[in-house]
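Chemist: have a look; sequence and predicted model below, questions after that.
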Amino acid sequence: MQRFLSLVLKILVCLVILLTGLRYLTKTAYGTSEINQANLNWFIEQTDTVDFLFIGNSYCYAGINNPFFDSLTGNKSFNLGYATAGPVLISNMFQRIDSAKIKHIVWITSPVDIINVTDNSDAYPYFLFNDFDDVDYYLKGYFDLRGLVSIYQKRVKYFFKRHQPKTSKVRGLKGEVSSYAVNPSADSISISSIVKNEKVNINKLRLFENLVQHNPKISLVIYPYSKFAEIFEPDVLKKYEDCISRLAKSGTQVINLNSAKDLMLSTDWRNFDHVNSNGARKITGVVAKYINGH
Amino acid sequence: MIFNSVSFLVFFASFFLLYWLVVKKNLQLQNLFILTGSYIFYAWSDSQFLFLLIAVSALNFYLGIRIEKATSQTRKRLLLFTGIFLGVGCLLFFKYFNFFIGSFSGAFASLGIDLDPQTFNIIVPLGISFFTFRLLGYLLDVDKGKTRACTDWVVFFTYVSFFPTLLSGPIDRATTFIPQLEKRRYFEYKNAVGGLHQILWGLFKKVIIADSCAGITNHIFENYHALPASSLVLGAFLFTIQLYADFSGYSDMAIGCSRLLGFTVTENFNFPFFSRSIAEFWRKWHMSLTTWLTDYVFTPLSIAFRDYGKKGLMLSILVTFVLIGVWHGANWTFILFGLIHGCFYIPIIVRGEFYKRKKIPDTHSLVPSFREVRSMLGTFLILMLTIVLFRAENVSMALSYYKKIFSYSIIAVPELTWELLTTMIFIAIMLLVEWFQRNGKKIEAVYSFKQKYPALYFTFFIAGIFLFMNLVNKVPFIYFKF
């Protein structure tokens, strides 16, 4: 029995070593995907030349048309938004760029930033699973074997796929809205079920508030989430809105697009929460107008 | 609680440690511990029928003792038939009630008589076919004097509800299993390592092969109207593999768990895909069921019909195969499946070759002869085509599937996907490994690596399963519903 238990123990140790090694090996390939990495690297090299840095999640890269913004304002802007990016990932990003060189930062934000399911690709269920059941399964927790196995499988898959050229077109470096593509399966998944299923991470809210408070270069653009506000738990919405009010009172510039009524047209939306190129031009126009006025 | 779940992993790991570290010194305690674990396991999966399991165990325990003690043959028979009647009745009620009512009303409706039958939403208790057959076999063995009636209720109840084999077999005989419960088990390292290996091999078959096949076969069988014949052939092929990988995977895990607890359980499969005739196939497929039916149905029937010569033998075989079909479920497709397979024996009986078993031509050769390949492929093809009945929801669906297969679109290239390619690679690995091992041989390089570095070997095995297991298709074990 002792010999068998010792074998089992050795297997467990070997497994931990193997899986940790695998996790380390595939970290850069998937944890921060190649495109995000390329975008970030490009920006780090060109920070001096950029006047406006747009940050945020997929709402940012799908919602801001940088060439259009540049043409309206005469500035040079760069879009560093990528899927799932919330306060944790953005905080991490800030640590990697020379913030002294940045002139203005515009954070496209929404209550999605403070829910649990965002913030890194590992936790972004659309990229990990193929159907809603799987998403639901995953959300039960990281320590669920199925979720854990899935993360490893995806990491290894992305590790081997990282040099495939097609991925470089996904989000582009120049910020062409038409080239932006979120995982197509996203449209078929009910986000409401995800959001309502999960508890609110208060720490994330605090982090968001701290990041904005301690960085006077940040302006907030509130994404027009009122179109799909019903997916959020009321207390999430309240906490988020209270936070925005506090930030606005303390001097942060806030552009709230929820009041932009013309953005509520169905022709402005690619899916239920992402704007299409029409919507992106409208959002960009409002932001540019505000910036020109200030 | 299914074998490929975290809950079972936690349950079994805790059970295993307590079993060998805490209760190992006392046989009664060991058995009581297994019994408690088995009831927890069953209640976890199907708590509403735990009482049924206990009740039928108690009834058969009592009947077994009474049969043995009965002095007159009439009383013995009466008690035996009571047990059979109740066991079969229970099975018929839970599994076949709605089927019979539906079939009768359908037959009357075709004559223009509307019976307006009342059907109930009867839930089939998990594992009922398996524990009923175990109990029937026990009573028949006691009656024949093949085994003594068990007088220790803990032993008997544990035999009926032994959790690794409770839900999907193998169907162990009282003659081989009860004696194991009556002796203290000692931990054997070699046996435990073998058990662990068998569990992992079963897991590989289930979560990588069967679940990967399931995704493709479900798509093909659900959309067979719109797909070319070549895709339907592919669907039949993959479902054959899926059924085997699913059920033999479960059996391997059940046997592996039993070995870890110090038990030897009947093997259920003996590389059936390398059979060179349908008769050989049925000697290697679901062996615990086929040997059960051979012993308790076919043999008594063939003796009863021996005066009718070959016709009697044919009748016995057809009845046995219809029962094999019916055992799988309440559907005409299963009955037809059994009947067709039974019909394959008719030429063998006519030629007088029924009791002659074909010798394996060259068991030492890695490369099979042309004749062998031809026979194996022929058998597989028959199996593959008849297995459509197994998968089809009803006979008319099976018939239209066949109709579609035999069409010009058979020459069309089926849609080749990455998923299909990887599934095929894993199937090839499974078949190759089984081919090498079919005569109890070992793949030397793998075996010596396993002997030298067991921890590394198992780590790679587990990591391989971990990284390639199919997460998209969450398919329950097919044989759970039987």
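Modeler: Cool, the structure landed. Numbering: from 1, shown residues only, chains lettered A, B, ... in the order given.

Chemist: residues near residue B:42, how many?
Modeler: 24 (other C-beta atoms under 10 Å in any protein chain shown). No exception for glycine: its C-beta is placed from N, CA and C like everyone else's.

Chemist: how close does it get to residue B:238?
Modeler: 32 Å (C-beta to C-beta, to the nearest Å).

Chemist: close to chain A: what parts of chain B are there?
Modeler: B:6, B:9, B:20-21, B:187, B:189, B:192-193, B:454-456, B:458-459, B:462-463, B:466-469, B:471-472, B:474 (C-beta under 8 Å from any C-beta of the partner chain).

Chemist: generate a ChimeraX selection restricted to the buried subset of those.
Modeler: The buried residues among the residues of chain B next to chain A can be selected in ChimeraX (16 or more other C-beta atoms under 10 Å in any protein chain shown) with this line:
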select /B:20,187,192,193,454,455,458,459,462,463,466,467,468,469,471
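
Chemist: mark which of the residues of chain B next to chain A are part of helices, please.
Modeler: Using DSSP state H, the members of the residues of chain B next to chain A that fall within helices are B:6, B:9, B:20-21, B:189, B:192-193, B:454-456, B:458-459, B:462-463, B:466-468.

Chemist: contact partners for residue A:7?
Modeler: B:193, B:454-455, B:458 (C-beta atoms under 8 Å, 6 or more residues apart in numbering or on different chains).

Chemist: try residue B:196
Modeler: B:256, B:260, B:458.

Chemist: next one: residue A:73
Modeler: Contacts for residue A:73 (C-beta under 8 Å, 6+ apart) come out as A:52, A:288, A:291-292.

Chemist: once you drop chain neighbours, what's closest to it?
Modeler: Distance criterion C-beta to C-beta, 6 or more residues apart in numbering or on different chains; nearest residue to residue A:73, sequence neighbours excluded, is residue A:288 at 5.0 Å.

Chemist: now residue B:46
Modeler: Using C-beta to C-beta, 6+ apart, the closest residue to residue B:46 is residue B:126 (4.2 Å).

Chemist: distance of that neighbour relative to residue B:51?
Modeler: According to C-beta to C-beta, residue B:126 and residue B:51 sit 13 Å apart.

Chemist: the two: who's more crowded?
Modeler: Taking other C-beta under 10 Å, residue B:126 and residue B:51 do not tie; residue B:126 has more neighbours (19 against 11).

Chemist: and that one, how close does it get to chain A?
Modeler: Distance of residue B:126 to chain A, given as C-beta to the nearest C-beta, to the nearest Å: 22 Å.

Chemist: phi first, then psi, for that residue.
Modeler: With angles defined as degrees, to the nearest 10, residue B:126 sits at phi -60, psi 140.

Chemist: any low-confidence regions in the chain?
Modeler: In the absence of a named chain, this looks at chain A. A:23-38, A:116-203, A:263-264 (pLDDT under 70).

Chemist: wait, chain B was what I had in mind.
Modeler: Along chain B, the parts satisfying pLDDT under 70 run over B:114-122, B:357-365, B:471-482.

Chemist: find the nearest non-adjacent residue to the most centrally placed residue in it, please.
Modeler: When C-alpha atoms, centre = their mean is applied to chain B, the residue found nearest the centroid is residue B:286 (4.7 Å). Of all residues not flanking residue B:286 in the chain, residue B:268 sits nearest, at 6.0 Å (C-beta to C-beta, 6+ apart).
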